[in-house]
Structures are given as structure tokens and as C-alpha cells.
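Visitor: Show me how the following folds:
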Amino acid sequence: GEQPPAAASSSGPAAAGGMDAMIAAAKRKAEEIAKRLSMQVNNRAGGGGGGGMMNLPVSSGAMHGDKKRKQINIPVHDFPDINFLGLLIGPGGKTIKDMQQQSGAKFMIRGKGSSKDGNDDCPDQPLHVLIIADTDDQMQRASQM
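Guide: Residues are numbered from 1 along each chain as shown. Here you go, the predicted structure:
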């Protein structure tokens, strides 16, 4: 029996059948993420009607100390074969830009492996997305993406 996508127990897919099950679970998770991102991008593309598409001013990021911040770790160790950076950034940065426009929050990818040239301000931390928002509403929208 196939587990529903939301079933992420502490035993994990490795306990359910070794490496093959773990790879299958990672692929399902990646497809789920890609499908969700793709749907969001397509919804925002505004197929002629443009209804429901919100272009919010994006938070200016780390310039002000009163911003709301949330760190979401990326499970690279659980799913080493998935290119999370590519999924998050998208072709030419389109995916992450679209998420920023829709939520009004700023998304920054930080941590180990986030920078090719070593210009990361927290290279010893695990790979993560840092969300910076001006309002609770922006943070809630961004966190659901």
C-alpha cells in the first residue's frame, strides 16, 4: 500500500522498505512540490482574466529590524537526489520571484550549499529558506507556499 503524501512519521520511508522506498518517497515529495509550485505559477500567470492575481510590494528584506522572520529548513539529507534549489528558484529565478510577488514577503535561500561563490552569511547552518515579511498576513501567505 502506498502511503498518503501527508504521512511523514518518525519511522520514515527507510523503515518501510529500505532505500527503494526512501527514493520513491523522495520522488513523490519532489513531484508534489513541483506540482504545487507549477500550479501556483500557472494560477499567477493570469490566463487572460487576471482574476485573483495579486501583485504585492515585496518586503525590503533585512534592512529593518522590525521585520517578521521565519526559517524553513530544506530536507536535503532526507532527499539527496532532489534539486531543491532548482525547484525553489525556478527557471531564471521565476518561481521564487513569483512567490515573492504573490505573498509580498522576501524569500532568501541560505545555509550550506546555497551559494556557489561562498558568499553566504551562514554557511555552517543547514540549507534553508529565510522568509522575511512586514506583516503577519504576508508571513502566513509565504509560509503556505
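Visitor: going forward, measure contacts between C-alpha atoms and count neighbours the same way
Guide: OK.
Visitor: quick one: the helices in this structure?
Guide: Secondary structure of the chain (DSSP state H): helices located at 12-44, 84-89, 94-103, 136-143.
Visitor: and the last one, which residues are buried?
Guide: Buried residues in helix 136-143, counting neighbours by 16 or more other Cα atoms under 10 Å, are found at Q138, M139, R141, A142.
Visitor: ok, now the second one?
Guide: Buried residues in helix 84-89, counted by 16+ other Cα under 10 Å: F84, L85, L87, L88, I89.
Visitor: closest to D78 among the residues you listed?
Guide: Nearest to D78 out of those is F84 (Cα to Cα; 11.6 Å).
Visitor: low-scoring stretches of the protein, by residue?
Guide: 1-17, 31, 33-65, 117-121 (pLDDT under 70).
Visitor: one more time with 80
Guide: 1-66, 115-123 (pLDDT under 80).
Visitor: Turn the buried residues of helix 84-89 into CSV, including distance to Q125.
Guide: Formatted as CSV, these follow (distance: Cα to Cα, whole Å):
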residue, distance to Q125
F84, 16
L85, 16
L87, 20
L88, 18
I89, 19
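Visitor: from those, which single one is nearest M19?
Guide: Nearest member of the buried residues of helix 84-89 to M19, counting by Cα to Cα, is F84, at 19.6 Å.
Visitor: for that closest one, what are its contacts?
Guide: Residues near F84 by Cα atoms under 8 Å, 6 or more residues apart in numbering: I74, V76.
Visitor: K27 versus that one, what's the distance?
Guide: Counting by Cα to Cα, to the nearest Å, the separation of F84 from K27 is 12 Å.
Visitor: how deep is the residue nearest to L127 when sequence neighbours are not counted tucked in, by neighbour count?
Guide: Nearest in space to L127, with sequence neighbours left out and distances taken as Cα to Cα, 6 or more residues apart in numbering, is G111 at 4.2 Å. Burial measure for G111: 20 neighbouring residues, criterion other Cα atoms under 10 Å.
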